[in-house]
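1. Let me see the structure of the following:
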Amino acid sequence: MSAINYKRHVYEGWTVQDYIDELEPQITMIMNGQSWRKPFATREDLARFCTENQSYYKKPIPEVINHFAKRYGL
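-> Numbering: from 1, shown residues only. Have a look, this model is predicted:
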């Protein structure tokens, strides 16, 4: 797997890092069992959540998914 380009522009001034920063608190709570939602068991579940909860851009961003998948071993 290649290195993640956190500065890549995704949508109208939003970078990969911006989307990671926005989703980080929610995903951390879910994966730590501090949410009504069960922790993600598969990469596909994580990808679906990220895509549905990103602001403005409703297509998968591979770098964002890879970041969280690597962090949580999915």
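
2. what's the burial count for Phe68?
-> 21 (other CB atoms under 10 Å). All C-beta atoms are positioned from the backbone trio N, CA, C, and that covers glycine.

3. Next one: Ile30 from Ile20, what distance?
-> 15 Å (CB to CB, to the nearest Å).

4. Repeat that for Pro60.
-> Counting by CB to CB - Pro60 and Ile20 are separated by 14 Å.

5. which SS class is Lys58?
-> coil (DSSP: H, G, I helix; E, B strand; the rest coil).

6. May I ask which helix or strand encompasses the closest residue to it other than its chain neighbours?
-> Counting by CB to CB, 6 or more residues apart in numbering, Thr51 is the residue found nearest to Lys58 once chain neighbours are left out, at 6.3 Å. According to DSSP states H and E, Thr51 maps onto helix 43-53.

7. Could you list the buried residues of the very next helix or strand once past that helix?
-> Moving toward the C-terminus from helix 43-53, the next helix or strand (DSSP H and E) is helix 62-72. Under the neighbour-count criterion of 16 or more other CB atoms under 10 Å, helix 62-72 has 63-69 buried.

8. go on, stretch 19-27?
-> 19-20, 23, 27.

9. Over that stretch, what's the mean pLDDT, rounded is fine.
-> The average pLDDT for stretch 19-27 rounds to 97.

10. Go ahead and name everything in contact with it.
-> The contact list for stretch 19-27, computed with CB atoms under 8 Å, 6 or more residues apart in numbering, reads 6, 10, 35, 46, 49-50, 53-55, 57, 61, 64, 67-68, 72.

11. next one: it to chain centre, how far?
-> Averaging C-alpha positions (CA atoms, centre = their mean, to the nearest Å) puts stretch 19-27 6 Å from its chain's average.

12. and what of stretch 56-68?
-> Worked out by CA atoms, centre = their mean, stretch 56-68 lies 5 Å from the chain centre.
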